[in-house]
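Novice: Provided below for reference: sequence and predicted model.
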Amino acid sequence: MLAKVLASALAVGTVAGCVPTTTYRNTGLVPAVHALPWDGRTVPAGSIRVEGTFVASDVVENDFPEPGDTALYVPHAAVEGAMSMAVIEHIELGVRVAYARFTWADPSAVGTMPLVGNPTLWGVGPEIRMAFPLGRGSAFAFGLGGNLMNYRIPYAEWQVDGSCAPSPTCTQGFSLVEQKSSGHITLNLAIYPSVAIGPGGRYGHFFAGLSAHSGFQNDGFTNTPANDQVQDAGIVFVGAAGYGVQYGALLASVILEMPITSDSDPIEYQPGASFTLGFDYDPSPGSPAPSRNPDPAPE
């Protein structure tokens, strides 16, 4: 029995020793770095596209953080929606929305403090998509897309306090100083070359490429109080490959992605994926059935 108690005490001490001893700990809930949820093709001119996307991502938890290291929560699951219109052939303009909850997120480092009240992360912004055929009747197309999302990011500051009673605002020997939210603009650009399978893309198309997504960081463990606990951390590149298909008006695509990060980055990401389901609709009367191949070869 004594051996078990000593082993438990040693384990607790080991875990506690992984977290730096500082006066303040900052935290926040930030968007995951992920590939642009798009299949690299546009709908026919005049058509409207409506989509919903489930995004799955993961981070590597920093087991040995040091003063100044990032301590943020990143959603392992998020939902997004997009609506766009092909204003001319090969070009769509639209808007995207994104949503996640604190309970859907994982910490980027041991000792990351929580956010109180299960706050939400949401964003909205314009999006553009362009897909140009590489020659008349070619199955190949070059896709270029991107968006600018304005996210409302919840964040909090905690201060060491050995006298407060355990509660949602007092945990791990720290008491909550403040919890607020701030606006941050996030960029996501993607280059997606694609190749159609079968006549007119009858069997869908494969695409692969690279996304560039804004990253985030903070001063998670510090002895200095801060005004805004979340800062931009430059661009993170994400390799992506996927498959898209259309059946009538129904659209579906899946993406497997690999963020290019390491343990020297503020947040180290693991491989992720997204699944998109939607439809396109041509509001003009007597419109023909939609085709995803930019320039289908003549019969």
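Specialist: Cool, got the structure.
Novice: Give me the below-cutoff pLDDT ranges for this protein.
Specialist: 1-17, 228, 285-299 (pLDDT under 70).
Novice: Now do the helices in it.
Specialist: 2-17 (DSSP state H).
Novice: quick one: buried residues of stretch 191-211?
Specialist: Within stretch 191-211, the residues scored as buried using 16 or more other C-beta atoms under 10 Å are 191-194, 196, 201, 204-205, 207-209, 211. Bear in mind the C-beta positions are built from the backbone N, C-alpha and C, glycine included.
Novice: of those residues, closest to Y281?
Specialist: G201 (18.5 Å; C-beta to C-beta).
Novice: what sits against the residue lying closest to Q229 once chain neighbours are set aside?
Specialist: Excluding the flanking residues, the one nearest Q229 by C-beta to C-beta, 6 or more residues apart in numbering is N26, at 3.7 Å. Counting by C-beta atoms under 8 Å, 6 or more residues apart in numbering, N26 touches 71, 113, 155-158, 218-220, 222, 226, 229.
Novice: what sits opposite N26 in the beta ladder?
Specialist: E157 (DSSP bridges).
Novice: With T120 instead?
Specialist: Here T120, judged by DSSP bridges, has bridge partners R101.
Novice: That one: neighbouring residues, count only.
Specialist: T120 has 15 neighbouring residues, counting by other C-beta atoms under 10 Å.
Novice: Same check on T27?
Specialist: Count around T27 with other C-beta under 10 Å applied: 26.
Novice: Quick check, it in contact with A71.
Specialist: Yes: with contact defined as C-beta atoms under 8 Å, T27 reaches A71; the gap is 5.8 Å.
Novice: Quick check: neighbours shared by these two?
Specialist: 112-113, 218, 220.
Novice: Greatest separation within the residues you listed: which pair is it?
Specialist: Across these, the two lying at the largest distance from each other (C-beta to C-beta) are M113 and N218, at 11.0 Å.
Novice: Just want to know which of those two has more residues nearby.
Specialist: N218 (27 against 22).
Novice: Surely the more buried one and Y73 touch.
Specialist: No: the pair N218 / Y73 is not scored as a contact, 10.7 Å apart, by C-beta under 8 Å.
Novice: Identify the contacts common to the two.
Specialist: 27-28.
Novice: What separation do you get for the residue nearest to the spatial centre of the chain and S163?
Specialist: What sits nearest the mean C-alpha location of the chain, by C-alpha atoms, centre = their mean, is A32, with 3.3 Å. As judged by C-beta to C-beta, to the nearest Å, A32 and S163 stand 37 Å apart.
Novice: Then Q217?
Specialist: Applying C-beta to C-beta to Q217 and S163 gives a distance of 31 Å.
Novice: So between the two, which is more surrounded?
Specialist: The neighbour comparison of Q217 against S163 (other C-beta under 10 Å) goes to Q217, with 21 against 7.
Novice: So what pairs up with the more buried one in the strands?
Specialist: With DSSP bridges as the rule, Q217 is bridged to Q231.
Novice: Test my guess that it contacts T261.
Specialist: No: counting by C-beta under 8 Å, T261 is not a contact partner of Q217; they are 11.8 Å apart.
Novice: Touching both of the two, which residues are there?
Specialist: I267.
Novice: re the thing from before, and the spatially closest residue to the residue nearest to the centre of the chain that is not a sequence neighbour, how far is that from P31?
Specialist: Leaving aside its sequence neighbours, A32 sits nearest to S57 (C-beta to C-beta, 6+ apart; 3.9 Å). Noted for S57: a distance of 9 Å to P31, by C-beta to C-beta.
Novice: Need the residues touching each of these two.
Specialist: With C-beta under 8 Å, 6+ apart as the test, S57 and P31 both reach 74-75, 78.
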